[in-house]
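K.L.:
just need the structure, nothing else, for what follows:
(4 chains)
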2 protein chains.
Amino acid sequence: MANSPQRTDPRVLRTRQFLKEALVELMEEMSIEKITVNRLAQRAQINRVTFYLHYRDIPDMLEKMADDMAEEVLEVVRDDTDPMEAAQEEKWPMLERLLVHIAENAKFYKIVLTSRKSTIFTDRLFKLMADIISARVESRVTAHDASEVTVQRDIAVWYGSAALIGTIIAWLREDMPYTPQYLARQITSLRAN
Amino acid sequence: MANSPQRTDPRVLRTRQFLKEALVELMEEMSIEKITVNRLAQRAQINRVTFYLHYRDIPDMLEKMADDMAEEVLEVVRDDTDPMEAAQEEKWPMLERLLVHIAENAKFYKIVLTSRKSTIFTDRLFKLMADIISARVESRVTAHDASEVTVQRDIAVWYGSAALIGTIIAWLREDMPYTPQYLARQITSLRAN
DNA sequence: GGACTAAATTTACAATGTGTCGTATAGTTT
DNA sequence: AAACTATACGACACATTGTAAATTTAGTCC
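P.N.:
Residues are numbered from 1 along each chain as shown, chains lettered A, B, ... in the order given. All right, here's what the predicted structure looks like:
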């Protein structure tokens, strides 16, 4: 959970742990705008004032939790093999490690990644696109004339990372109907272009 | 802007229009959790109590605005040509129409789609993935052995729609460095698998 | 174990926000 | 012009926020 080396006092760790657990609990029960410092402190069994000793406000706390998450993911994902070699295997083991890690902590990831805040607009668009793409995939006749347009690097990166994260989120929303291994293989073959 | 047929009173329309404009303005200036009914009414030049005559609270208002947006997008995107034929053209004109529409209303879409709420976690993951994919794309040696794994339909839909929306959001965040037409071509060639 | 230090609690307070009353005023419809 | 209805206004009880003491509790260090 990534503590600065100076932060050794068990009271601090305990309090923050309580707060984090309480926040995740509340995020499961209600949308984030309904979560108040009052409720949070009450659920965490700590005094309301104590909260302010650790975080400026709830958005600040969310940010720090996201930092911790990113640190952990980076640890899991950190590749020992260098990218040149990795690219040549079709397996992409990193992806599988990532999905396994998320599956192991599915409760946490599902809550924080699918929490309804103001992803409203994005969500709506996502649903629209899903319908449309679904219809398109349906009627695909493999019209491959391979015009081979050169693809802008940054566009490919936008496309690939959005696809990856969106797929993971959708997978979590559906309570992981596939194994991480299977999903990793599927994604790999989708992004084979 | 989607008014129920019964809603003809110009006062109602005016008030709602003021509220919507004020909300978008405030979303541009501050993160959503800082927007209060007080501030909103003040900015919209209406009485605070009047707000409650139209919406239950701010999340409710956001939801209704998202409904309106979805309706508009659907209008723009609605395809006259049937999907069977459309799939055979490599153009996918719908995508270009969508991007043009978004570009025309870029101010609105940029604000509502990139507003920092609690997309914190998703955003962090997005950045991580972008780095990783970037590195991978960098060192790609076109290791195509075309193992041709069958792809689950729903996974492909998740993947495709997330990629599309994420790309659009990233494009907006960067203030649209490419024309809608160019981006549409790029995306089409990316999702050519 | 005892002294020192840091964290947490407790109580209090002003400021702001929420949601809901009547009632008055203005604009709309027929 | 009369009937209708949305909006404005003032007021209310209540919750939340952020901060500031003073005090208690718990952990650290020797």
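K.L.:
tell me which residues are up against stretch A:54-68.
P.N.:
For stretch A:54-68, the external contacting residues (C-beta atoms under 8 Å, 6 or more residues apart in numbering or on different chains) are A:1-2, A:12, A:15-16, A:19-20, A:23, A:32, A:35-37, A:40, A:112, B:31, B:33, B:118, B:120-121, B:123-124. (C-beta placed from N, C-alpha, C; glycine too.)
K.L.:
of those, which belong to helices?
P.N.:
A:12, A:15-16, A:19-20, A:23, A:37, A:40, A:112, B:120-121, B:123-124 (DSSP state H).
K.L.:
tell me the pLDDT of the residue nearest the centre of chain A.
P.N.:
Against the mean C-alpha coordinate of chain A, by C-alpha atoms, centre = their mean, the closest residue is A:Leu113 at 5.1 Å. For A:Leu113, the pLDDT comes out at 81.
K.L.:
okay, domains of chain A per the record?
P.N.:
Chain A breaks down by automatic domain parsing into domains covering A:8-65, A:79-138+A:152-193.
K.L.:
out of these, which is closest to DNA strand C?
P.N.:
Closest to DNA strand C of these is domain A:8-65 (C-beta to the nearest atom of the strand; 3.1 Å).
K.L.:
so how far is that closest one from its chain's centroid?
P.N.:
20 Å (C-alpha atoms, centre = their mean, to the nearest Å).
K.L.:
what is the mean pLDDT for it?
P.N.:
93.
K.L.:
how about the helix or strand harbouring A:Ala170, does it reach chain B?
P.N.:
Using DSSP states H and E, A:Ala170 maps to helix A:153-173. Yes: interface with chain B: helix A:153-173 contributes A:153, A:155-171 (C-beta under 8 Å from any C-beta of the partner chain).
K.L.:
now the angle from that helix to helix B:153-173?
P.N.:
Angle of helix A:153-173 versus helix B:153-173, following axes from the mean of the first three to the mean of the last three C-alpha atoms, to 10 degrees, is 130 degrees.
K.L.:
buried set for the next helix or strand after helix A:153-173?
P.N.:
Under the assignment DSSP H and E, the closest C-terminal helix or strand after helix A:153-173 is helix A:180-190. Neighbour-count burial for helix A:180-190 flags A:180, A:183-190 (criterion: 16 or more other C-beta atoms under 10 Å in any protein chain shown).
K.L.:
tell me, how many residues neighbour the residue lying closest to A:Ala162 once chain neighbours are set aside?
P.N.:
Excluding its sequence neighbours, the residue lying closest to A:Ala162 (C-beta to C-beta, 6 or more residues apart in numbering or on different chains) is B:Gly166, at 1.8 Å. Burial of B:Gly166, expressed as a neighbour count using other C-beta atoms under 10 Å in any protein chain shown, amounts to 25.
K.L.:
touching, B:Gly166 and A:Thr167? I think so.
P.N.:
No: judged on C-beta atoms under 8 Å, B:Gly166 makes no contact with A:Thr167 at a distance of 10.5 Å.
K.L.:
which strands or helices does the helix holding A:Ala170 pack on?
P.N.:
Contacts defined by 3 or more C-beta pairs under 8 Å, 6 or more residues apart in numbering or on different chains; DSSP states H and E place helix A:153-173 against helix A:93-104, helix A:106-114, helix A:180-190, helix B:120-138, helix B:153-173, helix B:180-190.
K.L.:
go again using 7 Å as the cut-off
P.N.:
helix A:106-114, helix A:180-190, helix B:120-138, helix B:153-173, helix B:180-190 (3 or more C-beta pairs under 7 Å, 6 or more residues apart in numbering or on different chains; DSSP states H and E).
K.L.:
list the buried ones in the fourth one?
P.N.:
Across helix B:153-173, burial judged by 16+ other C-beta under 10 Å covers B:154-172.
K.L.:
repeat for the first one
P.N.:
When neighbours are counted by 16+ other C-beta under 10 Å, the buried residues of helix A:106-114 are found to be A:108-114.
K.L.:
would you quantify the distance from the residue nearest to A:Leu98 when sequence neighbours are not counted to A:Leu40?
P.N.:
Leaving aside its chain neighbours, A:Leu98 sits nearest to A:Val77 (5.4 Å; criterion: C-beta to C-beta, 6+ apart). A:Val77 is 30 Å from A:Leu40, where distance means C-beta to C-beta, to the nearest Å.
K.L.:
A:Leu74 now?
P.N.:
Relative to A:Leu40, A:Leu74 is positioned 27 Å away (C-beta to C-beta).
K.L.:
look at these two and report which has more neighbours.
P.N.:
Taking other C-beta under 10 Å, A:Leu74 and A:Leu40 do not tie; A:Leu40 has more neighbours (21 against 13).
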